[in-house]
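>>> Quick one, what's the 3D model for this:
(chains A and B)
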There are 2 protein chains.
Amino acid sequence: MGGRQDAHIYLKIVELLKTKGHVFTEHVADATHDDIKLGLTPRQIWDRDMKWLYDSDLIVAEVTVVSLGVGYELGVAEKLGKRVICMYRKGTEKKLSNMIRGNSKFKILEYNDLDSGLKALEKEL
Amino acid sequence: MGGRQDAHIYLKIVELLKTKGHVFTEHVADATHDDIKLGLTPRQIWDRDMKWLYDSDLIVAEVTVVSLGVGYELGVAEKLGKRVICMYRKGTEKKLSNMIRGNSKFKILEYNDLDSGLKALEKEL
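Purely as a prediction, here's the structure:
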């Protein structure tokens, strides 16, 4: 989840995921959160996020807002054999990368509105 | 390389790389290129790009324009043990992801102008 402007969407996804298990990355749902301002170095952020990735059973990525870091984590997750679900909101100007859409190892949930997106996600959990 | 608006920069990088070896992804330097319009499916594009990645000795990624697909390929490249160089142009509004900046496995070349970027890249080749 790379776009702070979509934080309200990430919050709803995090809330749903928390009913099913532990969520490592709750802070993505907080539009004001800034790791660097909190004093973390890029290396510390990378270390922490990689540890979360290794410790996760399931990666749920909201990929509508384009993010280099999310893409990187998805590539690592695939190679670690993690289960990956990518959520993508239809009707946005930026089309979904073929590296995600063409990837048979990822489950892609395209949704029109948040409610239907959450329903589709819940079915997968 | 994910941004067609930077195609002229990618062209110069591709030209430099071609003096040192084979470049699989020359088409990124062509702003008019569109795999989908050429009739490829997302799955075919993923298959082709992954084959290129596996067959590469060195991945040079220009990461100034944010791209989910480039991020994904960088994560895969890292896990395949590939040598990765990321080029990033300073002074753009979007800061470089901590998943790249904080990653000790990637060599990051930050540059002010294309000439100095190309010189820094040539030193690494």
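>>> Please count neighbours and contacts with C-alpha atoms only from this point.
Fine.
>>> isn't A:Ala7 right up against A:His27?
No. Checked against CA atoms under 8 Å, the pair A:Ala7 and A:His27 is beyond contact range at 9.4 Å.
>>> What number of residues are in the vicinity of A:Met87?
Per other CA atoms under 10 Å in any protein chain shown, the neighbour tally for A:Met87 reads 22.
>>> beta partners of it?
A:Glu62, A:Leu109 (DSSP bridges).
>>> show me what contacts it?
A:60-64, A:108-111, A:117 (CA atoms under 8 Å, 6 or more residues apart in numbering or on different chains).
>>> quick one: A:Val76 and chain B, what's the gap?
5 Å (CA to the nearest CA, to the nearest Å).
>>> Which neighbouring elements make contact with the helix or strand harbouring that residue?
Assigning secondary structure by DSSP states H and E places A:Val76 in helix A:68-79. If contacts are counted by 3 or more CA pairs under 8 Å, 6 or more residues apart in numbering or on different chains; DSSP states H and E, helix A:68-79 sits against helix A:42-55, strand A:83-89, helix B:68-79, helix B:98-101.
>>> Go through the first one and flag the buried ones.
Okay, so that is helix A:42-55. A:42-46, A:49-50, A:53 (16 or more other CA atoms under 10 Å in any protein chain shown).
>>> Output those residues in CSV; the columns should cover pLDDT and distance to chain B.
What follows is the buried residues of helix A:42-55, written out as CSV (pLDDT from 0 to 100; distance: CA to the nearest CA, whole Å):
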residue, pLDDT, distance to chain B
A:Pro42, 96, 4
A:Arg43, 96, 4
A:Gln44, 96, 7
A:Ile45, 95, 7
A:Trp46, 97, 5
A:Asp49, 95, 8
A:Met50, 96, 9
A:Leu53, 96, 12
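>>> how about the helices and strands packed on helix A:68-79 in JSON lines, adding distance to A:Gly21?
Formatted as JSON lines, those follow (distance: least, CA to CA, whole Å):
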{"stretch": "helix A:42-55", "distance to A:Gly21": "13"}
{"stretch": "strand A:83-89", "distance to A:Gly21": "15"}
{"stretch": "helix B:68-79", "distance to A:Gly21": "26"}
{"stretch": "helix B:98-101", "distance to A:Gly21": "25"}
